[in-house]
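**Student:** Take this sequence and fold it.
(4 chains)
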Number of protein chains: 4
Amino acid sequence: MNKIEGLIAAPFAPFDNKGEVVYDKIPAYFDLLSKNKIAGAFINGSTGEGVSLSQKEKAKITEMWAAQKPKNNELKIINLVGGTSFVECIETAKHSEEAGVDAIAILAPYYFKPGNAVQLAEFCAKIAEAVPQMPVYFYHIPVLTGCYVPMFDFLKAAAPTIPNLAGIKFTHEDFMDFQTCLNFENGKFDMLWGRDENLLSALVLGVRGGVGSTYNYAAPLYYRLIEAFDKGNLPQTRNLQQQSIDMIRLLGKYGGIATGKAFMKYIDFDCGEFRLPIKNMTAESFEEFKKDVKALDMENLFSVL
Amino acid sequence: MNKIEGLIAAPFAPFDNKGEVVYDKIPAYFDLLSKNKIAGAFINGSTGEGVSLSQKEKAKITEMWAAQKPKNNELKIINLVGGTSFVECIETAKHSEEAGVDAIAILAPYYFKPGNAVQLAEFCAKIAEAVPQMPVYFYHIPVLTGCYVPMFDFLKAAAPTIPNLAGIKFTHEDFMDFQTCLNFENGKFDMLWGRDENLLSALVLGVRGGVGSTYNYAAPLYYRLIEAFDKGNLPQTRNLQQQSIDMIRLLGKYGGIATGKAFMKYIDFDCGEFRLPIKNMTAESFEEFKKDVKALDMENLFSVL
Amino acid sequence: MNKIEGLIAAPFAPFDNKGEVVYDKIPAYFDLLSKNKIAGAFINGSTGEGVSLSQKEKAKITEMWAAQKPKNNELKIINLVGGTSFVECIETAKHSEEAGVDAIAILAPYYFKPGNAVQLAEFCAKIAEAVPQMPVYFYHIPVLTGCYVPMFDFLKAAAPTIPNLAGIKFTHEDFMDFQTCLNFENGKFDMLWGRDENLLSALVLGVRGGVGSTYNYAAPLYYRLIEAFDKGNLPQTRNLQQQSIDMIRLLGKYGGIATGKAFMKYIDFDCGEFRLPIKNMTAESFEEFKKDVKALDMENLFSVL
Amino acid sequence: MNKIEGLIAAPFAPFDNKGEVVYDKIPAYFDLLSKNKIAGAFINGSTGEGVSLSQKEKAKITEMWAAQKPKNNELKIINLVGGTSFVECIETAKHSEEAGVDAIAILAPYYFKPGNAVQLAEFCAKIAEAVPQMPVYFYHIPVLTGCYVPMFDFLKAAAPTIPNLAGIKFTHEDFMDFQTCLNFENGKFDMLWGRDENLLSALVLGVRGGVGSTYNYAAPLYYRLIEAFDKGNLPQTRNLQQQSIDMIRLLGKYGGIATGKAFMKYIDFDCGEFRLPIKNMTAESFEEFKKDVKALDMENLFSVL
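**Tutor:** The predicted model follows:
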């Protein structure tokens, strides 16, 4: 698989109002991303509440996303097999391959934390070697996993031992580590930037792909940003990044990750609420939220259905 | 179920040298605990590597432990249904009930962390209400889960909403919070102390039960400690606690939790190694470790087969 | 100097309503402690806002406290020379000696943090060797200094290199580390427990002295607790510790350390407010606070003027 | 004072081999910076070991730096008055003004931490209002102070209350917060980027000035980087940032901040060693270090004497 260029959305898990997965919403979700030129879908990740789903639910979601591929083979499907048991991760990895996704991603185990890069690489190798034909990404998000192993050290340990390692989804603000990984072995690995609010600071280092949750509903904003950057129009690029920040600031104001599903509702693609332990917005807050979103004055920057 | 008095061991998961669970070792494990007057087994916990097992493996381990109960009904089996998905926790809780364990325990979700006591209680209630006849413990171990909600706040939120809440396994050094929970609603809840190295400091506050990993292999040490305390022999009690500390210090020296299985090997009840991402002792280190254990000069304080 | 037995208060810095130190209040403060059988005063510490005072203010406060000694030589004065510059700490240490205090205490530097016990011991040795005749305590309070070096490791490094090391004021909930230090070299060092809310859990380990802020205003509570403990009356001891906890919980409710000065006002020994960056209670909050204190129903447990 | 454009070095404190300040080295230090086109000197900061100096030493260092100004008035002197006592900070601020520095900087108090932006702004205002004619910078370095208040919140609180607030030295990797501050009130404040290893990711956001320790000895590297960026030559810019990273990685390898003084020795401007509690390189390590520096192959990128 080549490196992924462009925006990779991390889809939300679509729930009904009883909190059950609505698998039938996935075809339309795929079309939404496809229509907005999204280059990939990183499913069952943090945004997708992979950790709040059962293995069975994750498997069915995976199958449903993989089944959409004939409609647009350019839209790559990466499945996060994340978990704390490598035994279960291997099951999920094999199932992902059978289902036909393009790649899998592995998360650092987040209960017992690996003490160093070698242990982390050994954990990942166990899973990767079970699906030797599949490209494997590592998903680095220390704020949630508690595993702060530098990715440069991880690559030094994993590059020689995991032949199917494809790259890293890097969701951490250590740009020194990130840039070093970008340049590791002549840029061999596919480094995907995972902080939408800092995309510009990563683009300037040479990255060409990003994974994020706001690409679900505001893809045009970021594609304009990338276009302006490629044209060397820095003032416009900065303005667009600041608009992204103003939008993302609402997540802070309204309580965090669950606000993403409020944005989806705002663009008329209702995915329900987040499961516990995530707290959702009240109906009253949602009305206030809508006013705040309107005040951002960025209507033409949201994804279109 | 009454409050549990005495030592509750958190059994190790028995693996063979390929890392597969040896279910057939569980009957002998039950006998080991029983012979050493252990009051309960807290299975699939941190020590039991619950998070490193698959759902299927956990289910089979649960069945095996529950099946031993006829041999000694006083030895209570508590199964940790811990996980980050309440859907899967409910499945495990129901299976635990069918299998015949005495109680279940719930862990704070450790990827997305509950923001406050109310959210934590709501998460637990979801699971507890699926098995309304089962006593339910909360397992408080913030150093691993990252959930630092005070247990006093949790009890205030959970006592009125979770009728089958039985108590808390408290593995955290906040003695102020612990004592307040002990005295909550006239001592209604079964508070189980979870730090073997500080048992004495908890006993003095009035606790009567503890859950720990070193009770697997050094039960006599702690029963003597409790006996000395009950007799008011403080100098002896302190000596015994210091011996426990000297023993536990070897865990720090030899790399942490995996050292527990080295102690099991030392008392001739080999449970194999820990699964990744936990690092195990090398064979060389084990030889050095054995010398260190011998130097502790506490042969008659280890559990007997 | 012998080990200190009993309660050591950490006096508040007395300010007027313009935030200036009222040195003339110190004689009465000494009398207050003396009358309530306090065994020592740990001045210029966290409670005493040492870090918020200028060097000159600290020096004058030290002189004033030392000047009270003729009234009661049993009330030991320990001066925290804490700071991040050992050059300035040495100046303060020498001045402390000249002023006539009984001992000094050293804090871990809290901007650049020592990487290990050896570096910490070297830093302390620099200061201690400038006043070789003075007993020196180390003040361990990692939650404020960010220096989490275990005290057992510190003692191993410092015992052979700092001949005038007298002991440790231990304000951290690591009872395993604390007990090991208590027993270090046959109990050579004077270990002073620094968490009032857990005094009972430390007493049971054999400690005979404690340093705290609530001993300023609630000494009788703790002396009764110690007396009950010494008599083996555990139920009463636990009740008294729970009363201490209920009192201390008001610090959490009313915003932290500044609540201590509200307690001083409550017992009619007004020390003014805390300096910035500490936030003080509003006048309205203080009225509510007084009601809460009255509801504790512990009038005869407060210190008497 | 206008915004500062270009590189601001944070000078090391020059010590002799007994650890005493060598004030007479400062004129040559000023010339070194001047010759390498450095736009400012941020003295008594983290690199300058302000916290490890006595008040008197800091005052004398300040006077010495200020006295060099006639030689090059374009080289601005900013003095960090940092400390935990605002009383002492005010003394230092007034002395700085008398000595003739161009601006002062204030650090968040790092023992008692401000609970929110308003408290932090109140603390800073106390000091700033004592020198109303002086431009005042806030120095944001949460990894050392433990004060993680977002700077956007700080500006909202401080902009209306501190008329002489000039800007922020921002040493933290939160680019979202940084960019928002850059754009705050139409770019009113002078935002100085404080992470040399990420300068490029800040330049792209529009910043024009940076404060750092490596600008003491590798100014040409960064001026070339800025020049390449301004010309739109991104490949060269990235290479230069990667060279900066490779150089900075040696700080990690050789134990941290003290490595900076080894670099100074390498360029033949010996500033002695760091004071305790910072650990210095051994003579053996220094020989190995020199080989590593040579292997970087960046001779023409170091500052020239």
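**Student:** Could you pull up the residues touching residue A:17?
**Tutor:** A:272, A:273 (C-beta atoms under 8 Å, 6 or more residues apart in numbering or on different chains). The C-beta positions use only the backbone N, C-alpha and C, and glycine is treated the same way.
**Student:** same thing but 7 Å
**Tutor:** By C-beta atoms under 7 Å, 6 or more residues apart in numbering or on different chains, the contact list for residue A:17 reads residue A:272.
**Student:** Residues of chain A that sit close to chain B?
**Tutor:** Within chain A, the residues that sit near chain B (C-beta under 7 Å from any C-beta of the partner chain) are A:51-55, A:57, A:84-88, A:91, A:109-112, A:114-115, A:119-120, A:122-123, A:126, A:144, A:146, A:276-279.
**Student:** Buried ones from the residues you listed, can you make that a ChimeraX selection?
**Tutor:** Buried members of these, identified by 16 or more other C-beta atoms under 10 Å in any protein chain shown, are gathered into one ChimeraX selection as follows:
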select /A:51,52,53,54,55,57,84,85,86,87,88,91,109,110,111,112,114,119,120,122,123,126,144,146,276,277,278,279
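**Student:** Mind checking which of the residues of chain A next to chain B are in helices?
**Tutor:** A:55, A:57, A:86, A:87, A:88, A:91, A:119, A:120, A:122, A:123, A:126, A:144 (DSSP state H).
**Student:** Can you give me the distance of the first one to residue C:7?
**Tutor:** This points to residue A:55. 57 Å (C-beta to C-beta, to the nearest Å).
**Student:** now the fifth one
**Tutor:** Remark: distance between residue A:88 and residue C:7 (C-beta to C-beta) = 55 Å.
**Student:** Also the last one?
**Tutor:** The gap separating residue A:144 from residue C:7 is 45 Å, by C-beta to C-beta.
**Student:** what's the answer for the second one, then?
**Tutor:** Note on residue A:57: its distance to residue C:7, by C-beta to C-beta, is 58 Å.
**Student:** which residues does the residue nearest the centre of chain A contact?
**Tutor:** Nearest to the mean C-alpha position of chain A, by C-alpha atoms, centre = their mean, lies residue A:10 at 3.7 Å. By C-beta under 7 Å, 6+ apart, the residues touching residue A:10 are A:42, A:45, A:46, A:47, A:48, A:211, A:212, A:213.
**Student:** what does the stretch 151-300 of chain A put close to chain D?
**Tutor:** A:173-176, A:179-180, A:183, A:197-198, A:200-201, A:204-206, A:232, A:234, A:238, A:241-242, A:245.
**Student:** Out of those, which sit inside helices?
**Tutor:** Per DSSP H, the subset of those in helices is A:175, A:176, A:179, A:180, A:200, A:201, A:234, A:238, A:241, A:242, A:245.
**Student:** Looking at those, which is nearest chain C?
**Tutor:** residue A:176 (20.9 Å; C-beta to the nearest C-beta).
**Student:** There's contact between the closest one and residue D:198 in this structure, I believe.
**Tutor:** Yes. Under the criterion of C-beta atoms under 7 Å, residue A:176 makes contact with residue D:198 at 6.2 Å.
**Student:** who has more neighbours, these two?
**Tutor:** Remark: of residue A:176 and residue D:198, residue D:198 carries more neighbours, 25 against 22, as counted by other C-beta atoms under 10 Å in any protein chain shown.
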